[in-house]
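**Q** show me how the following folds:
(chains A, B, C and D)
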There are 2 protein chains.
Amino acid sequence: MYDEAMSSRPHVSLAQRKRQLVSDELTQAALQLLAQKGFDAVTIDEIATAAGVSKRTFFRYFASKEDVVVQFLADMGNDIRAELAARPTKERPSVALQHAIAVPLAACADHSDRALPVVQLILRTPALYARFLERQAQWRDDLSAELVARLDLDADTDLYPRMAAGMALNAFDAALQRWSGSDGTEDPAALIDRAFAVIAPALNAWRGGKSAGLAAPPG
Amino acid sequence: MYDEAMSSRPHVSLAQRKRQLVSDELTQAALQLLAQKGFDAVTIDEIATAAGVSKRTFFRYFASKEDVVVQFLADMGNDIRAELAARPTKERPSVALQHAIAVPLAACADHSDRALPVVQLILRTPALYARFLERQAQWRDDLSAELVARLDLDADTDLYPRMAAGMALNAFDAALQRWSGSDGTEDPAALIDRAFAVIAPALNAWRGGKSAGLAAPPG
DNA sequence: GCGCGTATTGACACTCGGTGACAGCAGCGA
DNA sequence: TCGCTGCTGTCACCGAGTGTCAATACGCGC
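**A** Presented below is the predicted three-dimensional model:
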């Protein structure tokens, strides 16, 4: 994801690039084997051997078998939060959240040749899907915290940020499932549009602050 | 959960009750040990031995270590869908869904002496939470199907049922987390009320048929 | 009461995911 | 060149989960 090779940083000293190389090799070998033979039919020994390292080394790079796959989409969580943080503070939550979701998703869909098989593998493999959902829960907490900061809310009492983050990720999930189910045919941006059309009334109906004031969101 | 012992069914022949007994013993032993020592610190051998059976027998009753715990809340999914199906067809989705969530949750909170520790264990243990989310995803699909039936929608094109089910379970999850975090102090019904107050605008803004509503938020 | 099919169980062996410990080896600065 | 550091492979190990098999207990027809 990060293209450090381009900028001629002096301190990516050999060892670091070596490490990155092993990691990439491992990821590539894992994704290929898993997508080809199915999650349960591939042992970690196979993956490691295919990447030219030992099983022990595999676990020095990834915490679990699920991790290799889910890690592939891991950065998206950070991207979503970063995207939200980058939106104008005054922007309505629905718009900010929609962009925060849509941009990384579009970026993912842009390399659909690599991303689509991974997404399909995740959505079809219960163990992977469970881990994916677990990670989404972390994203939800992150997004919620970001919303609390943006809107100056009280996280301990207000249910809005958590629900809003949940709804946004719900839209993300639905779009991802449709996109994967259509083998990449359907347009992710359009799907996100439609999903947010459903949840927008709730996102925008929020009444700011602790007071039960009816102040409409800035628009 | 099911009280078959009361009705004098002739065909609950000994073997069946024996099986139920072992299952209960296993569940009880597992929940006690896991809540006491933590999920990872307890081996299946311990649980099985505590219940007076072999490790092999444990796996004849539960598919995994996570399953013993999550199974304890498994029926709630069916209850939620049944509750939704039992609501008047003409009732607004927000009201029907709120009842469908609130009733089983209240039933759960009624035996908080048993349920609370289990819920806290699940929410605090990543592996368990992941499995719980996985199960919730199934509930979401079930609820979605029920909504499609109730509202006579087209499941293949309309994102509303899936999003609505997701939002409802989002409310469920948020309420559960608050309830667990407050050690059972907060009132689940009130939490559900507040959560549904957030999502209701979206649930009610649905416009029947295939036309996707892109209207501005109410107000 | 007696034999027989069926279901349940414990014991054993095995695979695989995952971890700790240790020794060997490459890079890099003094 | 020495020594330090980080990465690696090997080995031993534990626990989750599964297949197999013999033994046992239940239910049923006789």
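
**Q** can you tell me which helix or strand the residue nearest the centre of chain A belongs to?
**A** For chain A, residue A:76 is the residue whose C-alpha lies nearest the centre (Cα atoms, centre = their mean; 3.4 Å). Using DSSP states H and E, residue A:76 maps to helix A:75-86.

**Q** hang on, the earlier thing: contact partners for the residue nearest to the centre of chain A?
**A** For residue A:76, the contacting residues are A:104-105, A:108, by Cβ atoms under 8 Å, 6 or more residues apart in numbering or on different chains. Heads up, the C-betas are built off the backbone N, CA and C, glycines and all.

**Q** all helices of chain A, in order?
**A** Assigned by DSSP state H, the helices in chain A fall at A:15-37, A:44-51, A:55-61, A:65-71, A:75-86, A:93-110, A:112-124, A:126-151, A:160-181, A:188-204.

**Q** so which of these comes closest to residue B:29?
**A** For the helices of chain A, proximity to residue B:29 was assessed by Cβ to Cβ; helix A:126-151 is nearest, at 24.8 Å.

**Q** any weak-confidence spans in chain A?
**A** A:1-14, A:208-219 (pLDDT under 70).

**Q** which one is residue A:38 nearest to, not counting chain neighbours?
**A** Among residues not flanking residue A:38 along the chain, residue A:125 sits closest, at 7.7 Å (Cβ to Cβ, 6 or more residues apart in numbering or on different chains).

**Q** now the one you found: how far from chain B?
**A** Here the criterion is Cβ to the nearest Cβ, to the nearest Å. By it, residue A:125 lies 11 Å from chain B.

**Q** same check on residue A:166?
**A** 4 Å.

**Q** and that residue, how close does it get to residue B:60?
**A** The gap separating residue A:166 from residue B:60 is 37 Å, by Cβ to Cβ, to the nearest Å.

**Q** give me the more crowded residue out of those two.
**A** Set residue A:166 next to residue B:60 and count neighbours by other Cβ atoms under 10 Å in any protein chain shown: residue A:166 wins out with 28 against 13.

**Q** what residues does chain A have near chain B?
**A** Applying Cβ under 8 Å from any Cβ of the partner chain, we find that chain A lies next to chain B at A:94, A:126, A:129-131, A:133-134, A:136-137, A:159-160, A:162-164, A:166-167, A:170-171, A:173-174, A:178, A:191, A:194-195, A:197-206, A:214, A:216.

**Q** how much space between residue A:191 and DNA strand D?
**A** With the distance defined as Cβ to the nearest atom of the strand, to the nearest Å, residue A:191 ends up 34 Å from DNA strand D.

**Q** likewise residue A:168?
**A** Where DNA strand D is concerned, residue A:168 sits at a distance of 32 Å (Cβ to the nearest atom of the strand).

**Q** go on, residue A:167?
**A** 32 Å.

**Q** what's the neighbour count on that residue?
**A** A total of 28 residues lie near residue A:167 under the criterion other Cβ under 10 Å.

**Q** my guess is it contacts residue B:195, does it?
**A** No. If you go by Cβ atoms under 8 Å, residue A:167 and residue B:195 don't touch, sitting 11.2 Å apart.

**Q** quick one: buried residues of stretch A:17-35?
**A** Residues A:22-23, A:26-27, A:29-31, A:33-35 are the ones in stretch A:17-35 that count as buried (16 or more other Cβ atoms under 10 Å in any protein chain shown).

**Q** columns distance to DNA strand D on top of those residues, output as TSV?
**A** Converted to TSV, the buried residues of stretch A:17-35 look like this (distance: Cβ to the nearest atom of the strand, whole Å):
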residue	distance to DNA strand D
A:22	4
A:23	8
A:26	9
A:27	13
A:29	13
A:30	15
A:31	19
A:33	17
A:34	18
A:35	22
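
**Q** what's the closest of the residues you listed to residue A:185?
**A** Closest to residue A:185, out of all of these and judged by Cβ to Cβ, is residue A:35, at 18.9 Å.

**Q** list the contacts of the closest one.
**A** A:117-118, A:120-121 are the contacts of residue A:35 under Cβ under 8 Å, 6+ apart.

**Q** looking at the contacts of residue A:76, which is nearest residue A:68?
**A** Nearest member of the contacts of residue A:76 to residue A:68, counting by Cβ to Cβ, is residue A:108, at 17.2 Å.
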